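K.L.:
make a model of this:
(2 chains)
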Amino acid sequence: MSFILVQVIVGGLLLGAVYALFSSGLTLVWGMMNIVNFAHGDFVMLGMYAAFVVFTLFGVGPLAGVPFATLLLAALGVVVYFALIRGIMKGPMLAQILGTFGLALLLRYSVFWWFGADFLSLPQNIVGGTLVFWGLRIEAARLLAGIVALVVTLGLHLLLTRTALGSKMLAVAEDATAAQLMGIRPDTMQAIAWAIAAGATGLAGALIATFFYIVPTVGETLGIVAFVTVSLGGFGSVPGALVAGLLIGVIESLSGYLIGAVYKDIVVYALFLSFLWFRPQGLMGKT
Amino acid sequence: MMRRLIWPALLLAILLAYPFVFATPFQQRLGALVLLYAIAASSWNIVGGYAGQVSVGHVVFFGCGAYAAMGAYAHFGLSPLIGLPAGIVAAVAIAAIVGVPTLRLSGHYFSMATIAVAELIRLVVTNTDYLGAAVGLSGPTVPRNVFDLSFISALPYYYLFLIVLAITLLMTWWMTHSRMGFYLRAIKDSERAARSLGAPAARIKLYAFMLSAALTSVAGALYAMMFGFVDPDSGLGLLISVKILIMAALGGAGLLFGPLVGAAILVPLEEISNSLLGGKGAGLTFVVYGAIIVLIARFQPGGILTLIKRLLERRAKPRAKEEQRLATGATHAP
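P.N.:
Okay, here's the model as predicted:
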């Protein structure tokens, strides 16, 4: 019994690391520009389809899909920033929310129209089968996804806190005008932030595509997961997103195992609403 | 005063005459659907347009009304009309539960919370046998009396919806011209300034949200009566929220007749594209919807009516406009 619980918790942690990875993109953009990207989950969905297309069209290993999806989504992020976000950033709240929400619909139903509503999946055991550690059975695909996601999320944190580029981005987040006077281009920094945020979703999407179902509406669920993660971790905080992502992964798989698979999303959404009620600043946020 | 009433009176005359001019069953049904969505979008407009709080989960209130109406019949054998007040109570209660914590925070939290609560309730209902689970609830197959509101022709629905739409718009008008309307305008301009002058911002937004929820649940109940059933997709699906929101935004959020204009454009568009393209067209319709929303947000957040108004004004006094442009241009120069 307890052994199965450990197995469930490890599975949750590995999935949670991927949640943390794409949520840190959302939290970066939110913290830096005060824009909430309602299309964030659909970016992850695009990453999954990109990996799928690379695999089925070119038949190359799934690992070729990972860099492809990352770069594709990073490019999309830059395009979205210049074509849409820059125009609506200073606009009314209605325009900000409608803009990214409309983008979500556009992406979701373009994919729906093109690929249909069927559940797709990459062949099982595409990444080397199942590994056994001290009796724990872990799919290699999940292990790989979890470890890569964890490393990249930590790297993102270091990028933001330890490099000149990170300092410039934080300066723009703090005060774009002052940063501009210091010779930093806010436009460039914000475009880079969008490239990083969207690239993270592409990477996360390609990683989970190796073991997750692929369907156009998956972005809706994953988008809400990202909202929960960010509101739990405190907006703008990558370490917060990491802790919250791991926590949500574990809560989700535990409730899936203990209450039933259909209820795991219900538990996560209810958690989100109760957080908005009692602690909107997040677990680690300051009031 | 008289001059201001000319346009609404003309609009009313057109709406009253429509089913006689366009008398085929398809056209009458189309007219009824336009009015139905106009009711829902006008209700959304109260919180989304006037209070500036973008609800993207409004379908949950629609679903309250639809499920209450069908539930009254399916479980108690009562007229769906009896369920209507229960639906309103449920919708207002949900609005309060979501609104109290989130309307104090920035608008993003409100939008996210409305999505989450709509999805949460859709999942719960889909797994609740009492509410028909994935199959849904049906209304009376054969009407027992007129109170079942089950008609074969769309004509009775058309006039029923017209009356409800008129009530919705009158309530909106009354709200904007009351003290609450003043507060709402002040809050929308600058919430911080309004608060510092003593406007109870969170409470006013909450009232607008609850009123909006109540009226949306009426639209949901009417929808279920017309179609005779409700299931998680037609009563609680995210796409209904999308339709409601896009109609208001396209016509003009925060304008009295904006949602009606949006519904009059989009409902025929969708019906025609569905009949031309069939099931495959559903995806394409929402691609177009998404593109429209993005374009409105980027270029014309005020919607079509604001655009028309601006064009008319520009034609009326081009010189004054030009001077104003020069003046603002001068102040914005570094």
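K.L.:
number of nearby residues for residue A:47?
P.N.:
Residue A:47 has 32 neighbours, counted by other CB atoms under 10 Å in any protein chain shown. (Glycine included, C-beta is placed from N, CA and C.)
K.L.:
can you check residue B:216 too?
P.N.:
By the criterion of other CB under 10 Å, residue B:216 has 34 neighbours.
K.L.:
what residues does it make contact with?
P.N.:
By CB atoms under 8 Å, 6 or more residues apart in numbering or on different chains, residue B:216 lies in contact with B:40, B:43, B:44, B:58, B:61, B:62, B:65, B:91, B:244.
K.L.:
from residue A:86, how far off is the most far-flung residue of chain A relative to its centre?
P.N.:
Here the centre of chain A is the reference, and by CA atoms, centre = their mean the most remote residue is residue A:181, at 33.0 Å. Distance of residue A:181 to residue A:86, computed by CB to CB, to the nearest Å: 20 Å.
K.L.:
residue numbers of the stretch 51-200 of chain B in contact with chain A?
P.N.:
B:52, B:54, B:56, B:98, B:101-102, B:105, B:107-109, B:111-113, B:115-117, B:119-120, B:123-124, B:127 (CB under 8 Å from any CB of the partner chain).
K.L.:
let's go with 6 Å and repeat that
P.N.:
Within the stretch 51-200 of chain B, the residues that sit near chain A (CB under 6 Å from any CB of the partner chain) are B:52, B:54, B:101-102, B:105, B:107-108, B:111-113, B:116, B:119-120, B:123, B:127.
K.L.:
out of the residues you listed, who has the most neighbours?
P.N.:
Neighbour max across those (other CB under 10 Å) = residue B:113, 29 neighbours.
K.L.:
separation between that one and residue A:94?
P.N.:
For residue B:113, the distance to residue A:94 equals 17 Å [CB to CB].
K.L.:
which residue ranges of the chain form strands?
P.N.:
All of this refers to chain A. A:130-133, A:136-139 (DSSP state E).
K.L.:
hmm, I had chain B in mind actually
P.N.:
All strands of chain B, identified by DSSP E, fall at B:137-138, B:229-230.
K.L.:
burial count for residue 41?
P.N.:
No chain was given, so I picked chain A. Applying other CB under 10 Å, we find 27 residues neighbouring residue A:41.
K.L.:
let me rephrase: I mean chain B.
P.N.:
By other CB under 10 Å, 32 other residues sit near residue B:41.
K.L.:
one more: residue B:141?
P.N.:
Residue B:141 has 8 nearby residues by other CB under 10 Å.
K.L.:
what do you get for residue B:288?
P.N.:
Using other CB under 10 Å, residue B:288 is surrounded by 18 other residues.
K.L.:
next up, the contacts around residue B:228.
P.N.:
With contact set as CB atoms under 6 Å, 6 or more residues apart in numbering or on different chains, residue B:228 has these partners: residue B:139.
K.L.:
what do you get for residue A:201?
P.N.:
When contacts are counted by CB under 6 Å, 6+ apart, residue A:201 touches A:22, A:25, A:43, A:44, A:47, A:73.
K.L.:
ok, residue A:84 next?
P.N.:
Shown in contact with residue A:84 (CB under 6 Å, 6+ apart): A:99, B:298.
K.L.:
rerun that using 7 Å as the cut-off
P.N.:
Listed by CB atoms under 7 Å, 6 or more residues apart in numbering or on different chains, the contact set of residue A:84 reads A:99, A:103, B:294, B:298.
K.L.:
which of the residues you listed fall in helices?
P.N.:
The members of those that map onto helices under DSSP state H are A:99, A:103, B:294, B:298.
K.L.:
quick one: which of those residues is nearest residue A:154?
P.N.:
Checking the ones in helices among the contacts of residue A:84 against residue A:154 by CB to CB gives residue A:103 as the nearest, at 29.1 Å.
K.L.:
got the confidence number for that closest one?
P.N.:
Residue A:103 is assigned 95 on the pLDDT scale.
K.L.:
what are the phi and psi values for the spatially closest residue to it that is not a sequence neighbour?
P.N.:
Once flanking residues are discounted, residue A:103 sits nearest to residue A:39: 4.2 Å by CB to CB, 6 or more residues apart in numbering or on different chains. Dihedral angles of residue A:39 (phi, psi; degrees, to the nearest 10) stand at phi -90, psi 10.
K.L.:
looking at it, residue A:39 is touching residue A:102, isn't it?
P.N.:
No - Residue A:39 lies out of contact with residue A:102 (CB atoms under 7 Å); the separation is 8.5 Å.
K.L.:
what number of residues lie near the closest residue in space to residue A:256 that isn't next to it in sequence?
P.N.:
The spatially closest residue to residue A:256, leaving aside those adjacent along the chain, is residue A:264, at 3.8 Å (CB to CB, 6+ apart). Neighbour count of residue A:264, defined by other CB under 10 Å: 19.
K.L.:
which residues touch residue A:264?
P.N.:
Counting by CB under 7 Å, 6+ apart, residue A:264 has contacts A:252, A:255, A:256.
K.L.:
and with 10 Å instead?
P.N.:
Contact analysis of residue A:264 by CB atoms under 10 Å, 6 or more residues apart in numbering or on different chains lists A:251, A:252, A:253, A:254, A:255, A:256, A:257, A:258, B:123.
K.L.:
now these: which count as buried?
P.N.:
Among the contacts of residue A:264, those buried by neighbour count (16 or more other CB atoms under 10 Å in any protein chain shown) are A:251, A:252, A:253, A:254, A:255, A:256, A:257, B:123.
K.L.:
would you format the residues you listed as a markdown table with distance to residue A:79 and pLDDT included?
P.N.:
Below are these laid out as a markdown table (distance: CB to CB, whole Å; pLDDT from 0 to 100):
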| residue | distance to residue A:79 | pLDDT |
| --- | --- | --- |
| A:251 | 35 | 93 |
| A:252 | 32 | 92 |
| A:253 | 35 | 92 |
| A:254 | 39 | 92 |
| A:255 | 38 | 92 |
| A:256 | 36 | 89 |
| A:257 | 41 | 90 |
| B:123 | 34 | 92 |
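K.L.:
CA atoms only for stretch A:53-69 - export them in CSV, please.
P.N.:
Listed next in CSV are the C-alpha coordinates belonging to stretch A:53-69 (Å, rounded to 0.1, in the frame of the first residue of the first chain):
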residue,chain,number,x,y,z
VAL,A,53,4.4,16.1,-36.4
VAL,A,54,8.2,15.8,-36.3
PHE,A,55,7.9,12.2,-35.2
THR,A,56,5.2,11.1,-37.7
LEU,A,57,6.5,13.2,-40.7
PHE,A,58,10.2,12.6,-40.4
GLY,A,59,10.1,9.5,-38.3
VAL,A,60,13.1,10.7,-36.4
GLY,A,61,13.4,10.0,-32.7
PRO,A,62,11.2,12.0,-30.3
LEU,A,63,14.3,13.8,-29.0
ALA,A,64,14.6,15.6,-32.3
GLY,A,65,11.1,17.0,-31.7
VAL,A,66,12.2,18.6,-28.4
PRO,A,67,14.5,21.2,-29.8
PHE,A,68,12.3,21.8,-32.8
ALA,A,69,9.2,22.5,-30.6
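K.L.:
taking the mean pLDDT, what do you get for it?
P.N.:
Per-residue scores along stretch A:53-69 average to 81.
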